[in-house]
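Asks: Mind looking at a prediction? Sequence and model below.
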Amino acid sequence: MTKSRTNADNVTADIAGITAGTGITGGGTSGTVTIAIDTATTADLTTTQALSNKTFITPEERTTVSTSAPTSTTNFDASTQGVLFLTGSTTSNWTLNVRGSSGTTLNSMLAIGDALSIIFIVTNGATAYYQTALTIDGNAQTVNYSGGTAPAAGNASSKDAYSFTIFKTANATFTVFGAGPVKYA
């Protein structure tokens, strides 16, 4: 069956075929023609997607809330969370180790020039403790803290929030900007 169309000059012509464009599969010149969206290139968000000129309205960020308290070295798995909130009362100072996951380094997860921001929130009881160091994939980092000074104490009977923006500047080389602890009562 041949379908006809009318163009801007009201001239009727036969359609000789349908060709799929970007993100579309299918097409044909005879018989039943099927056209489908190519989900492997346009609708599959399980792989990395480059976005430009997009507006995000209230995006949801992956968060982990745990009844644990920080341990001497507390791991932050950047591949599964952007915020880690530990509700158990701290009992000592700690080092925060940022990594991709237990089996993935942050170095392998980020390309040179990539950056990510994380937030780490802890609960202090009557005795305040604080983060004394930051490592990435187990390697010590110099943090550029807001105000120019690293924290020297936490805040008693509060929730303390630390935020870090990590830039990968070369292979296994990072520049880190940090803030905190910010007290929330």
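Replies: Thanks, I have the structure now. Numbering: from 1, shown residues only.

Asks: Leaving out the residues flanking it, which one is nearest to the most centrally placed residue in the chain?
Replies: Nearest to the centroid of the C-alpha atoms of the chain, with distances taken as Cα atoms, centre = their mean, sits Gly82, at 6.1 Å. Distance criterion Cβ to Cβ, 6 or more residues apart in numbering; nearest residue to Gly82, sequence neighbours excluded, is Glu61 at 4.4 Å. In short, each C-beta sits where N, CA and C put it, glycine included.

Asks: count of neighbours near the one you found?
Replies: 9 (other Cβ atoms under 10 Å).

Asks: Confirm for me that it is in contact with Thr80.
Replies: No. Glu61 lies out of contact with Thr80 (Cβ atoms under 8 Å); the separation is 11.4 Å.

Asks: which residue packs closest to Ala156, ignoring adjacent ones?
Replies: Using Cβ to Cβ, 6+ apart, the closest residue to Ala156 is Ala128 (4.2 Å).

Asks: With Leu110 instead?
Replies: Nearest residue to Leu110 in three dimensions, chain neighbours excluded: Lys168, at 4.3 Å (Cβ to Cβ, 6+ apart).

Asks: What confidence value was assigned to the nearest residue to Thr169 once chain neighbours are set aside?
Replies: Spatially, and ignoring its direct neighbours in sequence, Thr169 is nearest to Thr175 (5.4 Å; Cβ to Cβ, 6+ apart). As predicted, Thr175 sits at a pLDDT of 98.

Asks: Check Ser68 too.
Replies: At Ser68, pLDDT is 97.

Asks: check contacts around it.
Replies: 86-88 (Cβ atoms under 8 Å, 6 or more residues apart in numbering).

Asks: and it, helix, strand or coil?
Replies: coil (DSSP: H, G, I helix; E, B strand; the rest coil).

Asks: Then Ile112?
Replies: coil.

Asks: what residues are up against it?
Replies: 168-171.

Asks: Any quick ChimeraX command for the buried ones out of these?
Replies: Applying 16 or more other Cβ atoms under 10 Å to the contacts of Ile112, the buried members can be selected in ChimeraX as follows:
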select :168
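
Asks: Any idea how many residues pack against the nearest residue to Thr127 once chain neighbours are set aside?
Replies: Excluding the flanking residues, the one nearest Thr127 by Cβ to Cβ, 6+ apart is Ala156, at 6.6 Å. Using other Cβ under 10 Å, Ala156 has 13 neighbouring residues.

Asks: just the one 3 residues further on next, same as before
Replies: Lys159 has 17 neighbouring residues, counting by other Cβ under 10 Å.
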